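1. can't give you the sequence, but here's the structure:
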Ligand code: COA
């Protein structure tokens, strides 16, 4: 079978079948104890001690459905237009907008951080869902550009005041939000969790080479969030999904670690011992044409697989909401799936490719402007570095 880039490879299966998890609630499956590891405010030591001494045990029901009940988003203040970029590299507003559909993007400045954007986006989702921070039991932070090497999910949890939650990060580039959303529904179905914040956020401007006109025109910074809540199986809003990765394509889109081992560590006698690796990441490198081909080939296949699992066809969905990478990719996928343009959600003209943030950012805008209504079915798909790609068919509320 061909891999993501169309090269013959035995390892990738485009239509993988899964065994579905049992939907019913069985007494033996009920998880009755949950150790709450987060604790009240206070110093690190006090917090750890508090949590050890006041572990809370909550009954949890597994086998539940899950639904999206709130969304939010946040973007940095600084706007960079195509004309601004034309002052840095040899390009033009016309070239960029015709080839990509992008006109503006937002970029971190001053003391803005990914964590700050993530917290603002998550607050919007909690507010819309009428859920208090204390009611959240898991924060999934989907990002490839955390403020800290070790991730920033726990800091987002702390800053939101989600003291009964635990948190972790997911790194899956522009597919990150889709992976996080599917993970959340598994924690609800298999682990009995009730309220899960899924935050997609990226600040790729940190890794953009602003002298490379092939990449700097594409990316922007943002965060978006959804609150996924447990519900009865009859209300289940996660109708089908499909996930893939193919490391053969990593060379087409990456930002690899680079080591500076030019300085040796010396012992007390001044003898050189070893060169410690002081590492950082390279700027984003991309073969645009290959990534374009991969997206228009693999994304429709993935959406079709997720639709099949949902028992739906493309004609029965209300909205197509793809990762916002390039308007020509969005149009090509919509054409392949025979979805008319008035059912396609797109806001990348204003924000560019915001990686893991792009789907929840566009969803939030579409919900708040009244485009997406309660009960609407949305086919969404993420795709990007890895290579990774995947789809979800979901119902809004
Ligand atoms: N402005 C003006 N000219 C540009 C340019 C820019 N910003 N970027 C590239 N060019 C030039 C190239 O140098 C090349 O010139 P040449 O013909 O003299 O050699 C010409 O335009 C065509 O370049 P090419 O790279 O073939 O353009 P393209 O049609 O493939 O468009 C992308 C480039 C990046 C817009 C397009 O490939 C793309 O969007 N790919 C998908 C990338 C993506 O979405 N990545 C993220 C996935 S999550």
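-> Arrived safely. Since the structure is predicted, the reported quantities are computational estimates derived from the model, not experimental observations.
2. Now the residue of the chain found nearest the ligand: closest residue in space, sequence neighbours ignored.
-> Closest residue of the chain to the ligand, CB to the nearest ligand atom: residue 288 (2.7 Å). (Glycine included, C-beta is placed from N, CA and C.) In space, and not counting its chain neighbours, residue 288 is closest to residue 214: 5.9 Å by CB to CB, 6 or more residues apart in numbering.
3. Phi first, then psi, for that neighbour.
-> phi -70, psi -20 (degrees, to the nearest 10).
4. What is the neighbour count of it?
-> Neighbours of residue 214 under the rule other CB atoms under 10 Å: 14.
5. cool, and residue 63?
-> 18.
6. Would you mind giving the secondary structure of it?
-> Judged by DSSP: H, G, I helix; E, B strand; the rest coil, the three-state class of residue 63 is coil.
7. residues from the chain in reach of the ligand?
-> Residues of the chain lying near the ligand by CB under 6 Å from any ligand atom: 91, 95-96, 99-100, 174, 213-214, 217-218, 286, 288-289, 291-292, 325-326, 353, 384.
8. Sort out which of those residues are in strands and list them.
-> Among these, DSSP state E puts 286, 384 in strands.
9. Is there a quick ChimeraX command that grabs whichever of the residues of the chain next to the ligand are buried?
-> In ChimeraX, this line selects whichever of those come out buried by 16 or more other CB atoms under 10 Å:
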select :91,96,99,100,174,213,217,218,286,291,292,325,326,353,384
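10. Any regions of this structure where pLDDT drops low?
-> Across the chain, the ranges flagged by pLDDT under 70 are 1-60.
11. which stretches of it form helices?
-> Assigned by DSSP state H, the chain shows helices spanning 44-53, 82-86, 93-100, 114-129, 153-160, 176-191, 288-310, 327-336, 348-351, 358-368.
12. What is the second one packed up against?
-> In terms of contacts (3 or more CB pairs under 8 Å, 6 or more residues apart in numbering; DSSP states H and E), helix 82-86 is packed against helix 93-100.
13. Check which helices and strands the helix it packs on sits against.
-> With contacts taken as 3+ CB pairs under 8 Å, 6+ apart, helix 93-100 sits against helix 82-86, helix 327-336.
14. Which of these has the highest mean neighbour count?
-> Compared across the helices and strands packed on helix 93-100, helix 327-336 shows the largest average neighbour count, a mean of 18 (mean count of other CB atoms under 10 Å).
15. That one to helix 288-310, inter-axis angle?
-> Angle, helix 327-336 to helix 288-310, by axes from the mean of the first three to the mean of the last three CA atoms, to 10 degrees: 40 degrees.
16. Distance from helix 327-336 to the middle of the chain?
-> Between the centre of helix 327-336 and the centre of its chain there are 20 Å (CA atoms, centre = their mean, to the nearest Å).
17. Give me the neighbour count for the residue lying closest to residue 132 once chain neighbours are set aside.
-> Once flanking residues are discounted, residue 132 sits nearest to residue 126: 7.2 Å by CB to CB, 6+ apart. Residues near residue 126, counting by other CB under 10 Å, number 23.
18. tally of neighbours for the residue nearest to residue 200 when sequence neighbours are not counted?
-> In space, and not counting its chain neighbours, residue 200 is closest to residue 177: 3.4 Å by CB to CB, 6+ apart. Residue 177: 34 surrounding residues under other CB under 10 Å.
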